[in-house]
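# structure, please.
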Amino acid sequence: MPVLIVTGTGTEIGKTVVTAAVAAAALARGRTVAVLKPAQTGIGPGERGDVAEAVRLAGPLTAAELARFPEPLAPATAARRAGAAPVRPDEVAVAAEKLAAEHDLVLVEGAGGLLVRFDERGGTLADAARLLDAPVLVVAPAGLGTLNMTALTAEALRTRSLTLAGVVIGSWPAVPGLAERCNLADLPEAAGAPLLGAVPEGAGSLDPVEFRARAPRWLAPRLEGHWDAARFEAEAGAGARSGTRSGPGRK
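Numbering: from 1, shown residues only. Predicted coordinates for the structure are as follows:
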């Protein structure tokens, strides 16, 4: 996977931290990594954006950002209100291809969900993925509502003949409830793709050295980690199958 698109089922669900974790796991394997953010919104000049956060957490990687707009809106809307040129899918594809020529892995982190509009023509991250013929990693929340959002995102990918690489839970709670535990088994079915990891809540606040050491534990081998979905489900989902409220680690 020289280029991997990272999208989410919505906003504020952990895409940047997951992107940083994938980057950290790849870097730990000795791979060269670039992170590309096509459109950063809600950030002013000089402020630290998502790419800078990925660098802070993951370590030495190439950071690229095509445009930033000050208002926290969809990229097309934010560009229009700023009186600035929008970012178009073909520009994203060209930038990613250039980075891929010099790196083992390029992570392209979208804004919001898969079909958020980049420009007035209706261009989206999905269009960039199609131009790149790149697989898409979906970051999803753990709790109620995630199955429908994940299924809709997966359906949008299938209708566009795009490859869904898998799903990563963006923020796994320290004390999961019944819905979270059940969703470990149900998310792969909703997505029609494997569960490739679960990043614990609060991971982004870890010391970067600790973050980098732990990242491979949160991700499956396909993402350069050693997380085991079956074992994680067996430990975290025991209460869900038995109908009890006990969670992993409870005595």
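# per-residue pLDDT, the closest residue to Arg29 other than its chain neighbours?
Nearest residue to Arg29, sequence neighbours excluded (C-beta to C-beta, 6 or more residues apart in numbering): Glu224, at 5.1 Å. To be clear about C-beta, it is placed using only N, CA and C from the backbone, and glycine gets the same treatment. According to the prediction, Glu224 has pLDDT 96.
# surely Glu224 touches Ala25?
Yes - with contact defined as C-beta atoms under 8 Å, Glu224 reaches Ala25; the gap is 4.0 Å.
# wasn't Gly204 part of a strand?
No - remark: Gly204 does not belong to a strand; assigned using DSSP: H, G, I helix; E, B strand; the rest coil, it is helix.
# so it sits right up against Arg56, yeah?
No - using C-beta under 8 Å as the test, Gly204 is too far from Arg56 to be in contact (9.4 Å).
# overlap in contacts of the two?
Residues touching both Gly204 and Arg56 (C-beta atoms under 8 Å, 6 or more residues apart in numbering): Ala20.
# who has more neighbours, those two?
Applying other C-beta atoms under 10 Å to Gly204 and Arg56 shows that Gly204 carries more neighbours, namely 17 against 13.
# find the nearest non-adjacent residue to that one, please.
Per C-beta to C-beta, 6+ apart, closest to Gly204 is Val17, 4.4 Å.
# and that neighbour, what element?
Following DSSP states H and E, one finds Val17 within helix 15-28.
# tell me the helices and strands packed up against that helix.
Taking 3 or more C-beta pairs under 8 Å, 6 or more residues apart in numbering; DSSP states H and E as contact, the helices and strands that helix 15-28 lies on are strand 3-8, strand 33-41, helix 50-58, strand 105-113, strand 136-140, strand 164-172, strand 195-200, helix 208-218.
# one more time with 6 Å
Applying 3 or more C-beta pairs under 6 Å, 6 or more residues apart in numbering; DSSP states H and E, one finds that helix 15-28 makes contact with strand 3-8, strand 33-41, helix 50-58, strand 105-113, strand 195-200, helix 208-218.
# pLDDT (mean, whole number) over that helix?
Helix 15-28 comes out at a mean pLDDT of 98.
# quick one on the thing from earlier: look at Glu224 and Ala25 and report which has more neighbours.
Shown here are Glu224 and Ala25; by other C-beta under 10 Å, Ala25 has more neighbours (28 against 21).
# list the contacts of that one.
Applying C-beta atoms under 6 Å, 6 or more residues apart in numbering to Ala25 gives the contacts 215-216, 219, 224-225.
# again, only this time at 8 Å
Counting by C-beta under 8 Å, 6+ apart, Ala25 makes contact with 215-216, 219, 223-225.
# count the neighbours of Val17 for me.
For Val17, the tally of surrounding residues (other C-beta under 10 Å) stands at 29.
# report the distance from stretch 50-68 to the chain centre.
Relative to its chain's centre, stretch 50-68 lies at 14 Å (C-alpha atoms, centre = their mean, to the nearest Å).
# that stretch: end-to-end distance?
Criterion C-alpha to C-alpha, to the nearest Å; first-to-last residue distance in stretch 50-68 is 11 Å.
# quick revisit: export the helices and strands packed on helix 15-28 as JSON lines, with columns for mean pLDDT and distance to Arg80.
Formatted as JSON lines, these follow (pLDDT from 0 to 100; distance: least, C-beta to C-beta, whole Å):
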{"stretch": "strand 3-8", "mean pLDDT": "98", "distance to Arg80": "22"}
{"stretch": "strand 33-41", "mean pLDDT": "97", "distance to Arg80": "12"}
{"stretch": "helix 50-58", "mean pLDDT": "97", "distance to Arg80": "21"}
{"stretch": "strand 105-113", "mean pLDDT": "95", "distance to Arg80": "15"}
{"stretch": "strand 195-200", "mean pLDDT": "98", "distance to Arg80": "33"}
{"stretch": "helix 208-218", "mean pLDDT": "98", "distance to Arg80": "36"}
